[in-house]
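J.: let me see the structure of the following:
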Amino acid sequence: MNLQKTRPAPGRYPMALQLRYKAMSPEMTLFGVGSTKVMSSFELVFTTDQPLEVGMKTEICIAWPVLLDSRVRLQLVLEGRVVRSQDDTTAISILKHHFRTRGLWSPAENADVMPELAELGASPAVSRPVLRASA
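T.: Numbers count the residues shown, from 1 in each chain. Take a look at the predicted model:
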């Protein structure tokens, strides 16, 4: 099967979202970045910055495009196993998934929240509660 020309079937959705991955085998652990190509509830096809081996366990964090409560960034975390790999394209079988909150992955993400700060290359301030000791 040619992974470069993977066409979405029913229940598979073409998406281009930024991701980070960790791939593990008994001999090595690889870390890298890539982009999703096609997603379904049971499989993910994505690009990688290095070849991955069939059978490797994976943890993939995908920058989710929707904010929680219109302000909190999320990542979809997938655990799986590489089932196909060709050149810079890999497919995994998804075994588990969950969402986590996340910080900024790139300065370009500021444009979503505060366009005027993104133009300046600045990060938005994060509001944190102040804890005061009672007297």
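J.: list the buried residues of the strand or helix carrying Gly80.
T.: Take DSSP states H and E as the rule and Gly80 turns out to sit in strand 72-86. For strand 72-86, the neighbour count (16 or more other C-beta atoms under 10 Å) marks 73-78, 80, 82, 84-85 as buried. Glycine gets a C-beta too; all of them are placed from N, C-alpha and C.
J.: kindly indicate whether the residue most central in space within the chain is helix, strand or coil.
T.: Nearest to the mean C-alpha position of the chain, counting by C-alpha atoms, centre = their mean, stands Ile62 at 1.5 Å. Put simply, Ile62 is strand when judged by DSSP: H, G, I helix; E, B strand; the rest coil.
J.: hmm, it is touching Gly80, no?
T.: No: if you go by C-beta atoms under 8 Å, Ile62 and Gly80 don't touch, sitting 12.0 Å apart.
J.: roughly how far is stretch 100-111 from the heart of the chain?
T.: Here stretch 100-111 is found 11 Å from its chain centre; the criterion is C-alpha atoms, centre = their mean, to the nearest Å.
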